[in-house]
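**Q** Have a look at this prediction, sequence included:
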Amino acid sequence: MSSPGALPLRIGVLTVSDAGSRGERVDASGQVLADWCRDAGHDLVAKETVPDQTEMIVPTLLRWADRGEVDLIVTTGGTGFGPRDVTPEATRAVLDRNSPGLPETIRRRGTEKTPYAPLSRGLAGSRGSVFIVNLPGSPGGVKDGLVILGPLAEHVVGLLRARETPHRQS
């Protein structure tokens with residue numbers, strides 16, 4: 001749950017999956033993100049599944065970020081080395097500023113469970129006042145990523161909204 005007086009977050013979840021977009025696969029990773037939103041007291045204001053195609057990912061990210069209806073966009077899927085994994089490239093095209101430390105920390109956390117975590121190419125950064133984070137396409141990878149992202153989400157959104165945020169840990 002969000003802490004008392006916490007910043008309410010409006011979140012968009014974008015699942016990038018060819019099979020998911022055709023209805024051939026259940027969106028388990030997107031559901032993990034939706035459950036996290038609910039459990040943390042955040043508002044899931046947009047949820048969509050698109051194929052692994054830059055021309056589908058970029059317009060969705062731009063529409064959500066530029067309309068001012070979301071504070072945080074979390075993508076799942078398309079971050080590996082498969083020939084159709086283009087989520088990081090599509091995300092890079094829309095970011096104003098990069099946040100390399102977050103994905104590095106998520107990958108490090110993932111290595112506690114799988115030796116393949118460093119192969120995830122996910123990015124994080126901002127577009128205007130919206131923070132965008134790429135998480136892997138597996139439910140486990142999303143859960144591991146949320147362990148890192150969850151405690152930071154309200155803080156980064158507060159910074160992007162130019163609100164006073166604490167910078168010290170007690």
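**A** Good, I have the coordinates.

**Q** contact partners of the helix or strand containing T15?
**A** T15 is located in strand 10-16, with elements delineated by DSSP states H and E. The contact list for strand 10-16 (C-beta atoms under 8 Å, 6 or more residues apart in numbering) reads 27, 29-30, 33-34, 37, 42-52, 57, 60-61, 64, 69-78, 87, 137. Every residue, glycine included, has its C-beta placed from N, CA and C.

**Q** by contact count, what packs against the following helix or strand past it?
**A** For strand 10-16, the succeeding helix or strand toward the C-terminus, using DSSP H and E, is helix 18-21. Under the contact definition 3 or more C-beta pairs under 8 Å, 6 or more residues apart in numbering; DSSP states H and E, helix 18-21 sits against strand 43-50.

**Q** so the strand it packs on versus strand 10-16, what angle?
**A** Here the directions of strand 43-50 and strand 10-16 differ by 20 degrees (axes from the mean of the first three to the mean of the last three C-alpha atoms, to 10 degrees).

**Q** If you count neighbours, what's buried in strand 43-50?
**A** L44, V45, A46, K47, E48, T49, V50 (16 or more other C-beta atoms under 10 Å).
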